[in-house]
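Coordinates only, no sequence provided:
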């Protein structure tokens, strides 16, 4: 059960950790829609021209979001907030189920298309938000699903520790690239004020992703990562 003696600051820090993970997922979803249009839907499309010279650069933002997930999750995993009736992954599962039902009932896109379309539609973006929220709760509590899952995650963490210096450098480079993409969309939006809300959402998530990268680099989060204890015993 939840520890009522836990400080409010601890819960705020936990929510902050979950918010950073959620933002990484939102970034991945936003750029997936752009890259899908760039590579598949409209092969000749040049996004945000003339401010962006290649749509391939959005891959950098995707990499930044992925690299940010582990240090963001580590903030919350180090806290002891207890649980309210169930583990977080149970709540995450229910949010995923009800969000999927909402998408099927109130939007005109399939579950797969939901993450490929680049649109300002409120129902579609709301559906995406709640599905990603459920995924965030599930991922945050993933090690508690089973001992087998925890062991697999520990092996991945052990492998990541061997190249943590590379992740540290990559986090800085991708953070700079992501901030550049934010400036590109900002410039495009100023020049084309008729654009839909999708551009504002993309700008916001890219800005948070880039700042998260810079903060993690300053804190040297990847360099502080150590192999799991059980991995050190072998």
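Nice, I can see it. Just so it is clear, the model here is predicted, and its values are computed rather than measured.

show me what contacts the nearest residue to residue 207 once chain neighbours are set aside?
With sequence-adjacent residues excluded and distances taken as C-beta to C-beta, 6 or more residues apart in numbering, residue 207 is closest to residue 182, at 4.9 Å. The C-beta positions use only the backbone N, C-alpha and C, and glycine is treated the same way. Contact partners of residue 182, counting by C-beta atoms under 8 Å, 6 or more residues apart in numbering, are 203, 206, 207, 210.

Could you give the number of residues near residue 171?
As a burial measure, residue 171 scores 23 neighbours (other C-beta atoms under 10 Å).

Pull up the gap between it and residue 70, please.
In this view, residue 171 and residue 70 are 10 Å apart by C-beta to C-beta, to the nearest Å.

intersection of neighbour lists for those two?
Counting by C-beta under 8 Å, 6+ apart, the contacts common to residue 171 and residue 70 are residue 222.

quick check: mean pLDDT across stretch 91-102?
Here stretch 91-102 scores 86 as its mean pLDDT.

Please point out which parts of it sit buried.
Buried residues in stretch 91-102, counting neighbours by 16 or more other C-beta atoms under 10 Å, are found at 91, 92, 95, 96, 99, 100.

List of residues touching it?
By C-beta under 8 Å, 6+ apart, the list of residues contacting stretch 91-102 reads 111, 126-127, 130-131, 133-141.

again, only this time at 6 Å
Contact with stretch 91-102 is made by 127, 130, 131, 133, 134, 137, 138, as judged by C-beta atoms under 6 Å, 6 or more residues apart in numbering.
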